[in-house]
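**Q** Got a predicted structure plus its sequence, pasted below:
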Amino acid sequence: MDTLPKHPLAIARDLFGLSQSDLAEEIKQAARRHDRRAGTTKQQVSVWERPGGRAPDAWYQQLIGEVFKVDHDRVAALGWPYWLPGQDAPVDLGTGDTVAALRKAQRQAMLNRRTLLGLAPAALTTLAQQWATLDPALAASAADGQAVAPEFVTYLESSVKRLAGMATADRQHSAQILDSYYDTVIGLLEKCRYALATEERLYALASSLAQTIGWHRFDHENHTAAGHYWSAALHAAHHVGDRDRGAGILSDLAYQSIWLGQAGTAIGVLDHALSRTQDATARSLLHLRKARALAMTGDARACRRDLDAAEHSLNTATAAPPAWCSWMSPADLAVDSGRCLIDLGETGPALHQITQGVALLPTARDKTRAVFLAYEAESLLRQGEIDHSTATAHEALVLAQRIGASRCLRQISDLARGYEPHLKVQGVQHFLHTVGTSA
């Protein structure tokens, strides 16, 4: 497995060319400018940079902000550590800067670093609120440059569709190809001229590409880049008034928030997403993800209400769903319902739901299967079925290694700690050794 993603404070230090000791000294100097003292050490900076470590208090954040030349209002508005340099906020919707947002996502990804954070919760909530309340207005078509042939757009569309439809195990090899298509489409939008119908197709294609690339970055734990690609995808979908795709992109951002433990942010984003989409399958997925976030908060009644809504919407779906949620199935409903029950402490019913759902999952969806098997292993572990749980976790690990998704490997690595008190159970030591060798 790759090394841990960098903490945003470490990224900010890198941008300013500061070691931990250098930053500690700069903080002391900033305090002296206020006629005060700060006893910051290299060890203190190290504590701030640990995953899940203690955040500096408001006074130290003010000093750190001065070192990095960040306005105090931004520090207060975004909160730790989202205000740090290298954690740029997304472009606001409704500004007419759709192409700029698409390019910004690409520039952010070029930094090529794995990060612990997605978009700032405050910025993400604002983006979702803008999407739910602002009416899109198509920008004027480009008036200069070479004309774009509709047949070329058709070629791009069909190629991207084939790449996005590849089996999970093969999809890991398509990242560079997708990046090149993305660069081509944004270049056409920037430099060429086209009819209004072609413009809409290009923006729709840009949105689809940005959404798919966002998942690539998410699967490899580059959460900041994933957030910017999904923000760009939302801009492009909003530009052409595609509400169902916009809701799906918000759902992806909410899923990332759930993965990062930010249930409250996910609930707010999903409420906005649900306000502007009517497709039954799409609404089922949105309700299911909201139920997952509610389960994390311990709100059992609200969670069950959204699980019921998800099941009802899926059962009543008659039209072909949007492409972004065409995979949504009873298997997903069963497993995610079981995941909710784990969070609510109902491990027995949870195991039944998850086992049922995993059995229904198509073979091509190996990434999802790896995540679902990890859920099943966790439920078995909580019920004390250690040997069965170990075998299931090992199956999930093998799948995750084959598809090369580091976030799935991280999920299994985190789960592995629960087996350490059971070293005498058959298979546990072998499993822990295998997890260790993949680190």
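**A** Right, received. Where do you want to start? These numbers come from a predicted model, not from an experiment. Numbering: from 1, shown residues only.
**Q** Ignoring the adjacent residues along the chain, who's closest to Ala204?
**A** Val240 (5.7 Å; Cβ to Cβ, 6 or more residues apart in numbering). (C-beta placed from N, C-alpha, C; glycine too.)
**Q** next one: phi and psi at the one you found?
**A** Backbone torsions of Val240, given as degrees, to the nearest 10, read phi -100, psi 10.
**Q** again with Ala147
**A** The phi and psi values for Ala147, taken as degrees, to the nearest 10, are phi -70, psi 150.
**Q** Run a quick neighbour tally on the residue nearest to it when sequence neighbours are not counted.
**A** Counting by Cβ to Cβ, 6+ apart, Arg193 is the residue found nearest to Ala147 once chain neighbours are left out, at 5.5 Å. Using other Cβ atoms under 10 Å, the number of residues around Arg193 comes to 15.
**Q** Need the pLDDT of Arg193.
**A** In this model, Arg193 is scored at 79, pLDDT.
**Q** wait, isn't it in contact with Val148?
**A** Yes - the pair Arg193 and Val148 passes the contact test of Cβ atoms under 8 Å, sitting 7.3 Å apart.
**Q** tally of neighbours for Gly86?
**A** A count of neighbours around Gly86, defined by other Cβ under 10 Å, yields 22.
**Q** Correction: the previous question concerned Gln278.
**A** 11.
**Q** again with the one 4 residues further on
**A** In terms of burial, Ala282 registers 25 neighbours under the definition other Cβ under 10 Å.
**Q** List the residues that contact it.
**A** By Cβ atoms under 8 Å, 6 or more residues apart in numbering, the contact list for Ala282 reads Asp244, Ala247, Gly248, Pro321, Pro322, Cys325.
**Q** May I ask which of these has the most neighbours?
**A** Going by other Cβ under 10 Å, Ala247 tops those with 30 neighbours.
**Q** Wait, it touches Thr277, no?
**A** Yes - contact criterion Cβ under 8 Å: Ala247 and Thr277 qualify, at 3.8 Å.
**Q** Can you work out which residues contact both of these two?
**A** Leu286.
**Q** For the stretch 101-250 of the chain, give me the ranges with low pLDDT.
**A** Applying pLDDT under 70 to the stretch 101-250 of the chain flags the ranges 108-120, 123, 134-145, 166-173.
**Q** do that again at 80, thanks
**A** Applying pLDDT under 80 to the stretch 101-250 of the chain flags residues 101, 103-127, 129-147, 163-175, 193.
**Q** okay, now the domains of the chain?
**A** 8-78, 94-277 (automatic domain parsing).
**Q** Tabulate the ones you listed (TSV), appending distance to Thr437.
**A** TSV is the format used below for the domains of the chain (distance: least, Cβ to Cβ, whole Å):
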stretch	distance to Thr437
domain 8-78	22
domain 94-277	19
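**Q** Quickly compare those and say which is most buried.
**A** domain 94-277 (a mean of 20; mean count of other Cβ atoms under 10 Å).
**Q** hmm, back to that, Serialize the contacts of Ala282 to TSV and add fields for secondary structure and distance to Ser284.
**A** What follows is the contacts of Ala282, written out as TSV (DSSP: H, G, I helix; E, B strand; the rest coil; distance: Cβ to Cβ, whole Å):
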residue	secondary structure	distance to Ser284
Asp244	helix	13
Ala247	helix	12
Gly248	helix	12
Pro321	coil	9
Pro322	coil	12
Cys325	helix	8
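**Q** from those residues, which two are the most distant?
**A** In those, two members sit farther apart than any others by Cβ to Cβ. They are Ala247 and Pro321, at 11.7 Å.
**Q** distance of the nearest residue to Thr212 once chain neighbours are set aside from Ser158?
**A** Excluding its sequence neighbours, the residue lying closest to Thr212 (Cβ to Cβ, 6+ apart) is Ala164, at 5.2 Å. Ala164 sits 11 Å away from Ser158, going by Cβ to Cβ, to the nearest Å.
**Q** same deal with Trp215?
**A** 20 Å.
**Q** Ok, Ser379 next?
**A** 42 Å.
**Q** what's the pLDDT at the residue nearest the centre of the chain?
**A** Geometric centre of the chain, nearest residue: Gln256, 3.2 Å, by Cα atoms, centre = their mean. As summarised for this prediction, Gln256 has a pLDDT of 93.
**Q** does it sit in a helix or strand, and which one?
**A** Using DSSP states H and E, Gln256 falls within helix 243-259.
**Q** Who are the packing partners of that helix?
**A** Identification of packing neighbours for helix 243-259 by 3 or more Cβ pairs under 8 Å, 6 or more residues apart in numbering; DSSP states H and E yields helix 121-133, helix 196-219, helix 223-239, helix 263-274, helix 280-297.
**Q** So what's the model's average confidence on the host helix or strand of His312?
**A** Using DSSP H and E, the element containing His312 is helix 300-316. The average pLDDT within helix 300-316 is 96.
**Q** which of the residues in the helix or strand that it is followed by are buried?
**A** Next in sequence after helix 300-316, counting helices and strands by DSSP H and E, comes helix 330-343. For helix 330-343, a neighbour-count test (16 or more other Cβ atoms under 10 Å) marks 331-343 as buried.
**Q** Determine which two of these are furthest apart.
**A** Ala331 and Asp343 (19.3 Å).
**Q** Just put the helices and strands packed on helix 243-259 in CSV and tack on distance to Tyr182.
**A** As requested, the helices and strands packed on helix 243-259 are exported to CSV (distance: least, Cβ to Cβ, whole Å):
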stretch, distance to Tyr182
helix 121-133, 20
helix 196-219, 5
helix 223-239, 9
helix 263-274, 24
helix 280-297, 24
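**Q** what's the closest of those helices to Asp308?
**A** helix 280-297 (8.4 Å).
**Q** so how far is that closest one off the chain centroid?
**A** Helix 280-297 sits 15 Å away from the centroid of its parent chain (Cα atoms, centre = their mean, to the nearest Å).
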